[in-house]
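Student: no sequence on this one, just coordinates:
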């Protein structure tokens, strides 16, 4: 194996590892939010802001390492929006759960739309179905939050975020193993 091929194989392996790590972080953050939905909704603007910043940075890293240009820009755009929503939560802590509920409702709609676009572009049958399910969940949760704004939605915020992150995390972990399988096949054929 040439030195360039060895570097390319290490780089490919790293990229699926980043995707796996992002999925695990999403699941763990979702479980953390699910454990205290009311506290998350009322006093958790800072916690959720931090989670979105971490998630956004992870999305940007995964997007930057993506081999497909269309996927790269989708992931980077998702990451930037997640970082911006997270920073918004830090900037307006007094507005707390009210501003967070509104921002997250739109973020879930945006995320669901991006997942829907990715699902239509996907060639992987299982991955496509999981992306569709994740997109539908995010769109439904976003609509429920915005339609019931401000008071019932504020109480539902922690649960909606937790469900979205947990499901998206599992989808991402499954996608990481699919990517690993694809990369293993391409490493063998080199």
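Tutor: Right, received. Where do you want to start? As the structure is a computational prediction, the values presented were derived from the model and not from experiment. Numbers count the residues shown, from 1 in each chain.

Student: Out of the helices and strands in the protein, which is least certain?
Tutor: helix 37-43 (a mean of 65; mean pLDDT, DSSP states H and E).

Student: what's the following helix or strand after the strand or helix carrying residue 64?
Tutor: Residue 64 belongs to helix 45-65 when assigned by DSSP states H and E. Per DSSP H and E, helix 45-65 leads on to helix 69-91 as the next helix or strand towards the C-terminus.

Student: Now that following helix: average pLDDT?
Tutor: Across helix 69-91, pLDDT averages out at 86.

Student: got the buried residues for it?
Tutor: 74, 75, 76, 78, 79, 81, 82, 83, 85, 86, 88, 89 (16 or more other Cβ atoms under 10 Å). For glycine as for every other residue, the C-beta is placed from the backbone atoms N, C-alpha and C.

Student: quick one: contacts for the second one?
Tutor: Read it as residue 75. Applying Cβ atoms under 8 Å, 6 or more residues apart in numbering to residue 75 gives the contacts 59, 60, 62, 63, 66.

Student: quick one on the thing from earlier: would you mind listing the buried residues in the helix holding residue 64?
Tutor: 45, 47-49, 51-63, 65.

Student: Does anything pack onto that helix? Which helices or strands?
Tutor: helix 3-34, helix 69-91, helix 96-121, helix 151-189 (3 or more Cβ pairs under 8 Å, 6 or more residues apart in numbering; DSSP states H and E).

Student: now for the longest one, which elements pack on it?
Tutor: For helix 151-189, the helices and strands in contact under the criterion 3+ Cβ pairs under 8 Å, 6+ apart are helix 3-34, helix 37-43, helix 45-65, helix 96-121, helix 125-147.

Student: Lowest mean pLDDT across those, which one is that?
Tutor: helix 37-43 - the lowest mean pLDDT of the helices and strands packed on helix 151-189, at a mean of 65.

Student: that older thread, mind checking how far the helix holding residue 64 is from the chain centre?
Tutor: The chain centroid and the centroid of helix 45-65 are separated by 8 Å under Cα atoms, centre = their mean, to the nearest Å.

Student: That helix vs helix 96-121, what angle?
Tutor: Counting by axes from the mean of the first three to the mean of the last three Cα atoms, to 10 degrees, helix 45-65 points 20 degrees away from the direction of helix 96-121.
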